[in-house]
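**Student:** Here's a sequence, model it:
(one chain, ligands or ions: 1)
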Amino acid sequence: MEFYLQLFLSIFMAMAAILFIIFCRAAYIFWVLPNLAYRKLKANGFSGPTPYFPLGNIGEMKKKKMLNSSSRSLSTITNDIHSIAFPYFAQWKKLHGNVFIYWLGTEPFVYVADPEFLRKMSAGVMGKRWGKPTVFKNDREPMFGNGLVMVESDDWVRHRHAITPAFTPANLKAMSSLMVESASKMLDRWTSLVRSGKPEIDVEKEIISTAGEIIARTSFGLSYENGREVFEKLRAMQFTLFESNRYVGVPFSKLMCPKLTLKAKRLGKEIDNLLLEIISARSSKSRGPDKHDKQFPRQEQQQQQQDLLSLLLAENHVNGRLGKTLTTRELVDESKTFFFAGHETTALAITWTLLLLAMHPEWQIQLRQEISEVIGNGNVDATKLAGLKKMGWVMNEVLRLYSPAPNAQRQAREAIEVDNLVIPRGTNIWIDVVSMHHDKNLWGEDVNEFKPERFKDDHLYGGCKHKMGFLPFGFGGRMCIGRNLATIEYKIVLTLILTRFSMSMSPNYCHSPSILLSLRPSQGLPLILTPLD
Ligand code: HEM
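**Tutor:** The predicted structure is shown next:
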């Protein structure tokens with residue numbers, strides 16, 4: 001009896017000791033370290049809203065967001081969207097200026113909406129010496145894995161070098177026929193809908209789906225039908241992650257919604273397996289037919305591949321001899337990265353453009369005129385797209401007013417000094433692109449007006465008073481690698497839409513730009529479409 005009692009006591013003591021160690025470790029990670037960081041940042045001269053354990057400022061952010069949505073009329077359309085999409089930042093900026101500290105759970109973030117601070121902060125830091133916030137890397141692991149968006153240091157250099165050649169103008173132009181095909185299919189569908197008496201179409205949904213098809217074809221060489229499974233799972237994962245990620249930075253937040261967390265993990269695994277199959281089929285194809293050939297339609301196997309994956313595999317073949325290859329696992333992560341980084345951003349740039357063109361029909365006329373002068377009435381020829389200058393101004397103006405990527409993020413891998421402030425090593429940095437794009441001091445009193453002509457004489461910066469004030473594709477060495485692909489897709493899809501339809505506002509449109517990774521119209525974009533023929 002005594003033996004059992006002693007055994008029980010020993011087990012109890014051992015468990016209590018383990019629990020105590022776990023508790024101390026958790027307290028150290030989630031309480032002591034953040035408090036030390038907080039003191040250091042305060043001592044270094046940063047101010048900001050007071051954080052509360054364990055949510056940091058998330059409680060206040062949610063409250064401000066709810067208050068804002070309940071007090072705002074959705075029928076008022078304004079381009080002054082910073083306080084709509086980020087009401088908490090808009091209010092904190094008034095109190096603490098353009099640089100301050102806020103907290104997501106137990107993670108401090110330096111908020112930056114000052115281009116001069118950004119210039120000084122990034123002046124001496126090369127692309128490979130920037131980190132990405134660990135908290136986002138963990139949360140978005142099923143989406144990006146160790147793909148280019150998240151990978152760091154020498155690995156980032158290796159990935160960027162391996163991927164850059166896939167985005168040469170010649171390769172991108174070769175993808176343009178896939179874009180024309182997918183967009184034309186969407187427009188045929190619109191024509192049938194309008195002819196069947198349904199002139200109002202939610203163009204956001206349509207364009208996101210077409211851009212998904214385009215990226216599936218340009219990234220992995222899959223047609224929509226054959227890639228449907230990958231495509232649908234990727235979309236499902238994005239929505240699952242963003243439903244479960246509302247408490248990013250809060251300790252153990254994933255345990256608050258275990259179902260969604262597990263679903264995202266399961267989807268992540270399934271997607272990885274599907275992509276692995278595609279990649280090994282592709283690699284083996286270059287070695288000749290084998291058992292994988294059965295899994296993919298012959299027509300697709302025989303088609304001359306011009307997609308990013310095959311370009312990467314070819315590049316790998318050359319680099320393999322130089323010891324600079326991407327592993328199969330890394331290729332899977334890059335394929336997912338292209339999908340997530342590439343399709344929604346481009347789709348939203350087109351979507352917001354259609355809203356602004358519906359509000360400004362005079363620009364529809366100007367662009368149609370330009371299309372007829374530059375492209376003519378025949379097929380869209382990718383070599384002529386650079387001649388669509390006005391369309392370029394419109395694209396820039398839309399990316400300024402409704403930047404699909406509303407922020408850029410970094411993590412300091414070493415202490416950075418900016419004037420008399422020190423950003424300690426390990427600090428997360430949140431660059432508020434939307435705020436800078438709507439800053440009167442940078443753009444003038446007409447900052448919230450749709451004026452593509454501001455890019456006429458200054459096509460890179462649109463007359464912005466600071467070179468770091470216009471950042472639709474980010475900055476420095478980590479600037480978007482897909483920006484030329486996005487521009488080609490934007491110009492092709494918009495050209496095709498404008499030559500077949502004119503659009504006007506629908507009374508059912510509710511103006512509610514909000515964030516789900518990208519900046520999107522949260523209630524869709526119904527427009528009235530009229531065929532031009
Ligand atoms: C209008 C469309 C697009 C916008 C607005 C956009 C915007 C951005 C932004 C703001 C960044 C972060 C840059 C930084 O942190 O400084 C980024 C990075 C990236 N984008 Fe895009 N993007 C677009 C289209 C695309 C496309 C079509 C692809 C690929 C198919 C792509 C792939 C990437 C990748 C891989 C990165 C990570 C680059 C790195 O860290 O080295 N993007 N993009």
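
**Student:** I'd guess residue 422 is in a strand, am I close?
**Tutor:** Yes: assessed by DSSP: H, G, I helix; E, B strand; the rest coil, residue 422 belongs to a strand.

**Student:** Am I right that residue 274 is in contact with residue 231?
**Tutor:** No: using Cβ atoms under 8 Å, residue 274 makes no contact with residue 231, being 10.1 Å away. Backbone N, C-alpha and C define where each C-beta goes, glycine included.

**Student:** Those two: who's more crowded?
**Tutor:** More crowded of residue 274 and residue 231, by other Cβ atoms under 10 Å: residue 231, with 22 against 19.

**Student:** for stretch 158-178, which positions count as buried?
**Tutor:** 158-160, 162-163, 166, 171-176, 178 (16 or more other Cβ atoms under 10 Å).

**Student:** For residue 172, list the residues it contacts.
**Tutor:** Residue 172 sits next to 382, 484-485, 488 when contact means Cβ atoms under 8 Å, 6 or more residues apart in numbering.

**Student:** if I look at it, how far off is the ligand?
**Tutor:** 10 Å (Cβ to the nearest ligand atom, to the nearest Å).

**Student:** what about the helix or strand hosting that residue, average pLDDT?
**Tutor:** Assigned by DSSP states H and E, residue 172 belongs to helix 169-174. Mean per-residue pLDDT for helix 169-174: 88.

**Student:** Name the residues of this structure found near the ligand, please.
**Tutor:** With Cβ under 6 Å from any ligand atom as the criterion, the chain comes near the ligand at residues 148-149, 160, 337-338, 341-342, 345-346, 349, 404-405, 408, 472-475, 478-482, 485-486.

**Student:** Kindly recompute the last result at 5 Å.
**Tutor:** 148-149, 338, 341-342, 345-346, 349, 404-405, 408, 473-474, 478, 480-482, 485-486 (Cβ under 5 Å from any ligand atom).

**Student:** now the strands for the chain?
**Tutor:** All strands of the chain, identified by DSSP state E, fall at 99-104, 107-112, 130-131, 200-202, 407-412, 416-418, 421-423, 428-432, 501-505, 513-516, 518-521, 526-531.

**Student:** What are the contacting residues of stretch 188-197?
**Tutor:** Under the contact criterion Cβ under 8 Å, 6+ apart, stretch 188-197 has outside partners 199, 201, 206, 500-501, 529-531.

**Student:** one more time with 6 Å, if that's ok
**Tutor:** Under the criterion Cβ atoms under 6 Å, 6 or more residues apart in numbering, residues 201, 529, 531 lie in contact with stretch 188-197.

**Student:** okay, among the buried residues of stretch 158-178, which ones form the most distant pair?
**Tutor:** Using Cβ to Cβ, the buried residues of stretch 158-178 span at most 28.9 Å, a distance reached by 158 and 176.

**Student:** Tell me how far the residue nearest to residue 147 when sequence neighbours are not counted lies from residue 403.
**Tutor:** Nearest non-adjacent residue to residue 147, counting by Cβ to Cβ, 6 or more residues apart in numbering: residue 337, 3.0 Å away. Residue 337 sits 20 Å away from residue 403, taking Cβ to Cβ, to the nearest Å as the criterion.

**Student:** contacting residues for residue 126?
**Tutor:** When contacts are counted by Cβ under 6 Å, 6+ apart, residue 126 touches residue 477.

**Student:** Just the pLDDT for it.
**Tutor:** At residue 126, the pLDDT value in this model is 83.

**Student:** looking at it, residue 260 is touching residue 241, isn't it?
**Tutor:** No: judged on Cβ atoms under 6 Å, residue 260 makes no contact with residue 241 at a distance of 7.9 Å.

**Student:** For the two, indicate the residue with more neighbours.
**Tutor:** When residue 260 and residue 241 are compared for neighbours, residue 241 comes out ahead with 24 against 17, by other Cβ under 10 Å.

**Student:** Was I right to think the more buried one contacts residue 264?
**Tutor:** Yes: using Cβ under 6 Å, residue 241 is in contact with residue 264, at 5.0 Å.

**Student:** for the stretch 301-450 of the chain, what spans make up the helices?
**Tutor:** Listed in chain order, the helices of the stretch 301-450 of the chain (DSSP state H, counting those that start in this stretch) span 308-320, 328-359, 361-374, 389-401, 433-437, 440-443.

**Student:** Let me see the mean pLDDT of the first one.
**Tutor:** Yep, that's helix 308-320 we're talking about. Averaging pLDDT along helix 308-320 gives 76.

**Student:** between that helix and helix 328-359, how many degrees?
**Tutor:** When axes from the mean of the first three to the mean of the last three Cα atoms, to 10 degrees is applied, the directions of helix 308-320 and helix 328-359 differ by 140 degrees.

**Student:** With the fourth one instead?
**Tutor:** For helix 389-401 and helix 328-359, the angle between their directions (the same axes, to 10 degrees) works out to 100 degrees.

**Student:** Can you spell out which helices and strands pack onto helix 389-401?
**Tutor:** Applying 3 or more Cβ pairs under 6 Å, 6 or more residues apart in numbering; DSSP states H and E, one finds that helix 389-401 contacts helix 361-374.

**Student:** So for the helix it packs on, what gets flagged as buried?
**Tutor:** Neighbour-count burial for helix 361-374 flags 363-364, 366-367, 370-371, 374 (criterion: 16+ other Cβ under 10 Å).

**Student:** Closest one of those to residue 67?
**Tutor:** Nearest member of the buried residues of helix 361-374 to residue 67, counting by Cβ to Cβ, is residue 363, at 34.8 Å.

**Student:** circling back: could I get the CA-only coordinates of the helix holding residue 172 as CSV?
**Tutor:** What follows is helix 169-174, C-alpha atoms only, in CSV (Å, rounded to 0.1, in the frame of the first residue of the first chain):
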residue,chain,number,x,y,z
PRO,A,169,9.6,39.5,-70.4
ALA,A,170,9.9,36.8,-73.1
ASN,A,171,8.5,34.1,-70.7
LEU,A,172,5.7,36.4,-69.6
LYS,A,173,4.7,37.2,-73.1
ALA,A,174,4.6,33.5,-73.9
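
**Student:** Name all residues that make contact with the closest residue to residue 85 other than its chain neighbours.
**Tutor:** With Cβ to Cβ, 6+ apart as the criterion, residue 85 has its nearest non-adjacent residue at 5.2 Å, and that residue is residue 513. Counting by Cβ under 6 Å, 6+ apart, residue 513 makes contact with 81, 84-85, 519.

**Student:** Now do the same contact list for the residue of the stretch 151-300 of the chain found nearest the ligand.
**Tutor:** In the stretch 151-300 of the chain, no residue comes nearer to the ligand than residue 160, which is 5.4 Å away by Cβ to the nearest ligand atom. For residue 160, the contact set (Cβ under 6 Å, 6+ apart) is empty.

**Student:** Residue 88 and residue 63 touch, don't they?
**Tutor:** No: Residue 88 is not in contact with residue 63 according to Cβ under 6 Å; the separation is 8.6 Å.

**Student:** Compare the two (neighbour count), which wins?
**Tutor:** Per other Cβ under 10 Å, whichever of residue 88 and residue 63 has more neighbours is residue 88, with 19 against 12.

**Student:** So that one versus residue 68, what's the distance?
**Tutor:** To residue 68, residue 88 is 9 Å away according to Cβ to Cβ.

**Student:** Check what pLDDT the nearest residue to residue 335 once chain neighbours are set aside gets.
**Tutor:** Nearest residue to residue 335 in three dimensions, chain neighbours excluded: residue 275, at 5.1 Å (Cβ to Cβ, 6+ apart). pLDDT for residue 275: 87.
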